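Engineer: Below is the sequence, then the predicted model.
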Amino acid sequence: MESADEETPLIHYLRPQEEGPQYTSDGTVDINKKPALKRSTGNWRACNLILGAEISESLAFSGIQKNLVTYLTSVLHESNVDAATNVSTWLGSCFFTPLAGAFLADTYWGRYWTVVIFISIQAVGMIALTVSAWLPLLMGSSFNTSSTRRAAVYLGLYLIAIGSGGIKPCTSALGADQFDGADPAERVNKGSFFNWFFFSINLGSLLSSTALVWVQDNVGWGVGFAIPMALTVFGLAVFVAGRKVYRYKKLEGSPLTRVSQVVVAAVRNHHLKLPKDSSALHEVPSPNEANCKTAHTCQFRFFDKAAIVARSLSDEKGAASTVSPWRLCTVSQVEELKMLLRLFPVWASMVLFFAVTSQASSTFIEQGMAMDNRVGPFNVPPASLSIFHTISIIVGIPIYDAVLVPLARRVTGDDRGLSQLRHLGVGLALSVVAMAYAALVEARRLAAASAPTTSMSIVWQAPSFALVGAAEVFTTTGVLEFFYDQSPGGMKSMGTSLAHLAIAAGSYLNSAVLVKRPPIREDLKVMLYQSQEADNTFITSGGTSPYSSTR
């Protein structure tokens with residue numbers, strides 16, 4: 001018997017009437033808009049190309065992000081505070097633009113063409129950034145501090161931010177589209193895909209933290225930016241190479257329009273009485289998501305009024321189909337809005353989780369600055385400890401997929417090992433443990449600081465970073481899968497963009513919490529930003545750059 005806390009689906013699909021084993025049963029089509037054949041499209045044959053493109057894109061994006069503060073301060077001669085503010089604003093834009101990219105993908109272009117267009121935009125941004133680094137060699141030192149160079153740099157950065165808006169939500173959603181949810185074997189593989197997708201992001205991030213940062217600091221910014229530009233173009237080529245084996249979802253119109261129609265119709269019909277039998281509500285015979293339509297649920301019953309067929313229409317055969325959708329909606333359309341409302345509590349909890357992960361790049365580093373950073377013969381920059389965060393993710397994902405999932409499957413009977421909500425719950429629990437440990441370290445550090453002859457080693461911070469990374473193995477991969485699975489058929493890209501919006505909101509929540517703390521001394525502010533430069537010295541001696549971002 002299943003446990004009582006097993007989650008109920010947020011959206012309930014009725015079984016399709018006909019399913020052919022030769023074709024996918026979720027309505028996906030091939031590049032020629034014909035029903036997708038299982039044996040020649042989708043599955044890992046398509047996802048391997050998507051993951052390869054994601055590694056290249058992650059390498060390129062992280063190669064710009066990780067050393068950007070150093071570039072702005074050392075090359076454009078911005079102050080530490082101005083550079084940090086500009087980078088924070090830019091990163092915030094990178095995590096908010098996915099909403100626009102997801103809307104365009106679900107409404108007009110589809111996921112494949114949205115990725116192609118936005119990677120191209122990102123490539124143009126990379127070119128602008130590379131040109132800004134090479135021009136001083138051609139135009140002389142007077143170009144170093146010119147407004148033209150500054151404009152070229154920020155034009156490139158914000159074109160990259162716009163490009164990220166189409167890449168972030170659509171690559172993960174397109175990858176998930178390659179697995180037929182009605183096929184048990186492919187459904188299990190879909191869960192593994194999100195694990196390996198997150199692994200690819202962090203692998204690219206780790207490689208950029210070492211090789212690309214070293215090139216930028218020791219060879220030059222021109223070459224250091226040209227490599228990400230080439231990687232972006234290579235990633236685009238790899239992605240386009242898979243166009244014949246991808247499975248494509250059919251577009252269903254604007255998701256925001258469909259949701260708005262339900263709200264307007266429910267308000268217009270507020271005076272009508274709901275029927276006792278839900279079968280009396282309006283529904284069309286043909287399904288609205290390929291071979292399946294959405295079953296009625298009893299939550300948020302006010303919105304059911306959008307599907308009430310007025311008495312004047314019920315007496316006339318076929319009259320309901322001619323009514324404006326702003327006055328009469330289908331049950332499936334109403335359920336789409338209900339499902340989005342059910343997602344909100346999970347989304348809110350993820351905001352809190354990503355506020356915790358933001359601590360790893362802010363207060364954890366400040367804490368390390370007040371500790372003894374001598375480890376043997378080395379002086380370890382405080383930010384370098386976050387390498388334990390990245391290693392925890394890269395090591396944890398294969399272990400989870402190959403060891404923990406089979407073990408959990410035997411215990412729970414769930415093909416995925418852990419159900420989606422349990423997946424998220426484990427990550428949230430680990431984040432609590434991580435912050436509790438960090439608090440204990442801080443208490444001990446304060447006690448040691450009161451004694452002039454004692455100090456606390458920075459190595460004590462390593463478990464904090466490792467625990468946050470372990471939490472992300474469960475939660476960051478789980479939240480992408482959860483929002484994809486539980487989003488309506490025509491809003492899959494929009495659903496995955498909610499995960500990125502939670503990251504942005506969590507970062508801003510963390511900033512708001514930090515504002516309430518006593519101001520940091522100016523010398524510590526300088527140390528915070530200069531630690532990035534010290535970190536690059538650590539890289540040349542065999543270490544690894546710490547800056548790992550969740551995308």
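Structural biologist: Done, it's in. Just so you know, these numbers come straight off a predicted model, no measurement behind them. Numbering: from 1, shown residues only.
Engineer: For stretch 448-459, measure first residue to last.
Structural biologist: With CA to CA, to the nearest Å applied, stretch 448-459 spans 15 Å between its terminal residues.
Engineer: Return the set of buried residues in that stretch.
Structural biologist: 448, 456, 458 (16 or more other CB atoms under 10 Å). Glycine gets a C-beta too; all of them are placed from N, C-alpha and C.
Engineer: From those, which land in strands?
Structural biologist: The strands, defined by DSSP state E, take in nothing from these.
Engineer: Between the residues you listed, which sits nearest residue 332?
Structural biologist: Taking CB to CB as the measure, residue 458 is the one of those closest to residue 332, at 55.9 Å.
Engineer: Relative to residue 370, how far out is that closest one?
Structural biologist: 9 Å (CB to CB, to the nearest Å).
Engineer: per the record, what domains does this protein have?
Structural biologist: According to automatic domain parsing, the chain comprises the domains 43-252+335-540, 255-334.
Engineer: now for the ones you listed, which one comes closest to residue 23?
Structural biologist: domain 43-252+335-540 (9.1 Å).
Engineer: and residue 80, how many neighbours?
Structural biologist: 18 (other CB atoms under 10 Å).
Engineer: Residue 265 and residue 330 touch, don't they?
Structural biologist: No. Using CB atoms under 8 Å, residue 265 is not in contact with residue 330; the gap is 10.3 Å.
Engineer: Need the overlap of contacts for these two.
Structural biologist: Residues touching both residue 265 and residue 330 (CB atoms under 8 Å, 6 or more residues apart in numbering): residue 307.
Engineer: Who has more neighbours out of these two?
Structural biologist: Legend: neighbour count by other CB under 10 Å for residue 265 and residue 330, higher for residue 265 (25 against 22).
Engineer: Find the residue closest to the more buried one in space, skipping its chain neighbours.
Structural biologist: Nearest non-adjacent residue to residue 265, counting by CB to CB, 6 or more residues apart in numbering: residue 306, 3.7 Å away.
Engineer: Report the contact partners of that neighbour.
Structural biologist: 261, 262, 263, 265, 266, 269, 328, 329, 333, 334.
Engineer: looking at this, the fourth one is in a strand?
Structural biologist: Spelled out, it's residue 265. No. Under the criterion used here (DSSP: H, G, I helix; E, B strand; the rest coil), residue 265 is helix, not part of a strand.
Engineer: That one and residue 277, how far apart?
Structural biologist: Taken as CB to CB, the span from residue 265 to residue 277 is 20 Å.
Engineer: ok now stretch 166-173, how far from the chain's centre?
Structural biologist: With CA atoms, centre = their mean, to the nearest Å as the basis, stretch 166-173 stands 8 Å off its chain's centre.
Engineer: Show me the shaky parts of the chain.
Structural biologist: 1-21, 81, 84-85, 138-146, 286-293, 312-321, 362, 383, 452-454, 514-551 (pLDDT under 70).
Engineer: which residue ranges form the strands in it?
Structural biologist: Using DSSP E, strands in the chain cover 374-375, 378-379.
Engineer: Quick one: closest of these to residue 397.
Structural biologist: strand 374-375 (27.1 Å).
Engineer: Name the strands paired with the closest one and say parallel or antiparallel.
Structural biologist: strand 378-379 (antiparallel) (DSSP bridges).
Engineer: Residue 388 against residue 462, yeah?
Structural biologist: Yes. With contact defined as CB under 8 Å, residue 388 reaches residue 462; the gap is 4.8 Å.
Engineer: neighbour count winner among these two?
Structural biologist: residue 388 (22 against 17).
Engineer: check contacts around the more buried one.
Structural biologist: 462, 463, 465, 466, 469 are the contacts of residue 388 under CB under 8 Å, 6+ apart.
Engineer: quick check, nearest of those to residue 340?
Structural biologist: residue 469 (30.7 Å).
Engineer: can I assume the closest one is in contact with residue 387?
Structural biologist: No. With contact defined as CB under 8 Å, residue 469 does not reach residue 387; the gap is 9.8 Å.
Engineer: Looking at those two, which one has more neighbours?
Structural biologist: Set residue 469 next to residue 387 and count neighbours by other CB under 10 Å: residue 469 wins out with 28 against 25.
Engineer: mind listing what the more buried one touches?
Structural biologist: Contacts of residue 469 (CB under 8 Å, 6+ apart): 388, 389, 390, 391, 392, 393, 396.
Engineer: Can you tell me how far the fifth one is from residue 400?
Structural biologist: Spelled out, it's residue 392. Counting by CB to CB - residue 392 and residue 400 are separated by 11 Å.
Engineer: joint contacts of the two?
Structural biologist: Going by CB under 8 Å, 6+ apart, residues that sit against residue 392 and also against residue 400 are residue 473.
Engineer: burial of the closest residue to residue 30 other than its chain neighbours, as a residue count?
Structural biologist: Nearest non-adjacent residue to residue 30, counting by CB to CB, 6+ apart: residue 36, 4.9 Å away. As a burial measure, residue 36 scores 25 neighbours (other CB under 10 Å).
Engineer: What separation is there between residue 36 and residue 23?
Structural biologist: On the measure of CB to CB, residue 36 and residue 23 end up 6 Å apart.
Engineer: Residue 235 reaches residue 53, doesn't it?
Structural biologist: Yes. The criterion here is CB under 8 Å, and residue 235 meets it with residue 53 at 4.4 Å.
Engineer: on that earlier part again, need the winner for burial among the domains of the chain.
Structural biologist: domain 43-252+335-540 (a mean of 20; mean count of other CB atoms under 10 Å).
Engineer: What is the neighbour count of the closest residue to residue 182 other than its chain neighbours?
Structural biologist: Leaving aside its sequence neighbours, residue 182 sits nearest to residue 25 (CB to CB, 6+ apart; 4.2 Å). Using other CB under 10 Å, residue 25 has 21 neighbouring residues.
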